[in-house]
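**Q** for reference, the sequence and a predicted model appear below.
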2 protein chains.
Amino acid sequence: MLRLSKLADYATVLLVHLGRHEGLATAAALAVETGVPEPTVAKLLKGLASNGLVLSHRGARGGYRLSGELEKVTVAAVIAAVDGPIAITACCDGRECEHSSLCGLSGQWDVVNDAILSTLNSITLADMGRHAERLTRRSPASAPVAPVGTEKSSIADAVS
Amino acid sequence: MLRLSKLADYATVLLVHLGRHEGLATAAALAVETGVPEPTVAKLLKGLASNGLVLSHRGARGGYRLSGELEKVTVAAVIAAVDGPIAITACCDGRECEHSSLCGLSGQWDVVNDAILSTLNSITLADMGRHAERLTRRSPASAPVAPVGTEKSSIADAVS
DNA sequence: TAATTCAAGACTTGAGAAGTCCTGATTTGT
DNA sequence: ACAAATCAGGACTTCTCAAGTCTTGAATTA
């Protein structure tokens, strides 16, 4: 379904939030402010800390803060930190696939993957946070119309 | 994990295969030729037929064939046909998300989603099939190096 | 020393992808 | 007309993995 994991989504929300925060923020506070369940926030931040995207400080008055600036962190970096290397198929990135001798695609998914990767590398957390000061919701009129992918019918609906 | 479903992967393989086929090909034959399990092939082709990507012909000597040309079918169309509309998050494409009042991202994932969508719309099945006449495997030296997403560490590895 | 907060990992749960199977309809060839 | 081949449609089962929870321990502050 080419779906992003919720964890990566949450992480983006948390990081944008952290970027606007003064000083340190505790996991508990972030949970309240973002609506993400606290245990999940804690789990995510620990991971992000070990990946260097946030800095942690233990003890009373401790908490987390961004290690860099929102402008310097790409969406690709966040996704990779949470979910591991971005690979849309199992046989991307040099990994062998079981059907490689038959499938006839030998490595072409890499091309697609790299295209997506460079797209994600061009979008920063600062971009994600922009216009976020309550527009309620982007107006339907200004929504870009995608040529494909917005249609109703699908095998998923029809078959399973 | 931003992963494509296996079904969409299989469908791409099957369609590229069909595109090179003379006349009709049965589901059973395609299963043998591609290495994809036969029931899965049957399921996929039925769905692709009802979406108009392939044409079916019943009865003895029946089978499937592409309804168009490989050059005219985009990867986005295949994915959408198999998995439904491409939406990397639950709140893409106008759908409401439960935390919209808190998350502070209001609709920014749409920007990312549209970027990915246009990427996928620019790649056809003909592109996917190119260089596929047995290169064994793309040589490591020519592999594009992605700035992010190929690194080893991840929360997924470290935490779960 | 006590309270606070992060660190690390094991564990449970649930959704949904993936795959299988059955029954029926349609077409072809004998 | 009949039998064989093949797709159509759907129900069903299985299994993986994301998602979320909980526990114990270490570090820091006041």
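**A** Structure's in. What do you need?

**Q** every contact and neighbour count from this point should use C-alpha atoms.
**A** Noted.

**Q** is DNA strand D contacted by the strand or helix carrying A:Y64?
**A** For A:Y64, the element it lies in under DSSP states H and E is strand A:63-66. No - Strand A:63-66 stays clear of DNA strand D (CA under 7 Å from any atom of the strand), getting no nearer than 10.2 Å.

**Q** that strand - contacts with which helices or strands?
**A** Applying 3 or more CA pairs under 8 Å, 6 or more residues apart in numbering or on different chains; DSSP states H and E, one finds that strand A:63-66 contacts helix A:6-19, strand A:54-57.

**Q** and these: which comes nearest A:V78?
**A** helix A:6-19 (6.8 Å; CA to CA).

**Q** what about the nearest residue to A:L53 once chain neighbours are set aside, how many neighbours?
**A** Leaving aside its chain neighbours, A:L53 sits nearest to A:S67 (5.6 Å; criterion: CA to CA, 6 or more residues apart in numbering or on different chains). A:S67 has 15 neighbours, counted by other CA atoms under 10 Å in any protein chain shown.

**Q** from A:G19, how far out is A:S67?
**A** Distance of A:S67 to A:G19, computed by CA to CA, to the nearest Å: 9 Å.

**Q** need the residues of chain A near DNA strand C, please.
**A** Listed as neighbours of DNA strand C in chain A under the rule CA under 7 Å from any atom of the strand: A:1, A:25-28, A:42-43, A:45-46, A:49-50, A:56-64, A:160.

**Q** of the residues you listed, keep whichever come out buried.
**A** A:1, A:25-27, A:42, A:45-46, A:49-50, A:56, A:63-64 (16 or more other CA atoms under 10 Å in any protein chain shown).

**Q** chain center to the strand holding A:Y64, what's the gap?
**A** On the basis of CA atoms, centre = their mean, to the nearest Å, strand A:63-66 sits 18 Å off its chain's mean C-alpha point.

**Q** my read: A:W109 touches B:M128, true?
**A** Yes - here A:W109 reaches B:M128: they are 7.4 Å apart, a contact under CA atoms under 8 Å.

**Q** which one's more surrounded, these two?
**A** Legend: neighbour count by other CA under 10 Å for A:W109 and B:M128, higher for B:M128 (25 against 19).

**Q** so what's the more buried one up against?
**A** By CA atoms under 8 Å, 6 or more residues apart in numbering or on different chains, the contact list for B:M128 reads A:105, A:108-109, B:16.

**Q** can you tell me the element it falls in?
**A** Assigned by DSSP H and E, B:M128 belongs to helix B:125-129.

**Q** still on that earlier bit, out of the helices and strands packed on strand A:63-66, nearest to A:L117?
**A** Of all the helices and strands packed on strand A:63-66, it is helix A:6-19 that lies closest to A:L117, at 14.9 Å by CA to CA.

**Q** now A:V112, nearest residue through space, not along the chain?
**A** What sits nearest to A:V112 in space, not counting adjacent residues and going by CA to CA, 6+ apart, is B:L120, at 7.2 Å.

**Q** out of the helices and strands packed on strand A:63-66, deepest packed?
**A** The highest average neighbour count among the helices and strands packed on strand A:63-66, using mean count of other CA atoms under 10 Å in any protein chain shown, belongs to helix A:6-19 at a mean of 22.
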